[in-house]
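[1] sequence and predicted structure, then a few things I'm wondering about:
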Amino acid sequence: MFQNPIPIRLKQARANSGITQKQLGILIGMDENSASGRMNHYEKGRHIPDIATLKKIANELNVPLNYFFCEDEITAELAIEISKLDTEKKLILIQELKGPSK
């Protein structure tokens, strides 16, 4: 059975940042009175944030947007580490992963 990775990744990234649901909600522009509840609903999977909200969350938590869509821990960690590379290093990594040209 498929489990939506967004709530899992959201909770992990927020916990790793050391901020509360309410703090994160406020930081991305939610009303102070509803921020905690809305973020809780996102983390529980009751609601899924739209892509614009998810991008704000990603920016605030310093993770790439694609991190939220990773289905396993290794891929999620790779997404974070790859996002830290400059363009030149990303291109080198692509070439290394593809292996020698034929």
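    That came through, no problem.

[2] all contacts plus neighbour counts: C-alpha atoms, from now on.
    Will do.

[3] tell me where the chain is predicted with low confidence.
    In the predicted model of the chain, residues 102 satisfy pLDDT under 70.

[4] where do the helices sit along it?
    5-17, 21-27, 35-44, 51-61, 73-83, 87-98 (DSSP state H).

[5] so which of the ones you listed comes closest to residue 67?
    helix 73-83 (5.3 Å; Cα to Cα).

[6] relative to helix 87-98, how tilted is that closest one?
    With axes from the mean of the first three to the mean of the last three Cα atoms, to 10 degrees applied, the angle from helix 73-83 to helix 87-98 works out at 140 degrees.

[7] relative to helix 5-17, how tilted is helix 73-83?
    Using the same axes, to 10 degrees: helix 73-83 against helix 5-17 is 60 degrees.

[8] residue 16 - how many residues pack around it?
    10 (other Cα atoms under 10 Å).

[9] what does residue 72 give?
    11.

[10] tell me how far it lies from residue 89.
    24 Å (Cα to Cα, to the nearest Å).

[11] so residue 43 makes contact with residue 7?
    Yes. With contact defined as Cα atoms under 8 Å, residue 43 reaches residue 7; the gap is 4.3 Å.

[12] before we move on, the earlier item: now tabulate the helices of the chain in a markdown table and tack on distance to residue 67.
    Listed next are the helices of the chain as a markdown table, based on distance: least, Cα to Cα, whole Å:
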| stretch | distance to residue 67 |
| --- | --- |
| helix 5-17 | 7 |
| helix 21-27 | 17 |
| helix 35-44 | 15 |
| helix 51-61 | 8 |
| helix 73-83 | 5 |
| helix 87-98 | 16 |
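
[13] name the nearest residue to residue 54, ignoring sequence neighbours.
    With Cα to Cα, 6 or more residues apart in numbering as the criterion, residue 54 has its nearest non-adjacent residue at 7.2 Å, and that residue is residue 65.
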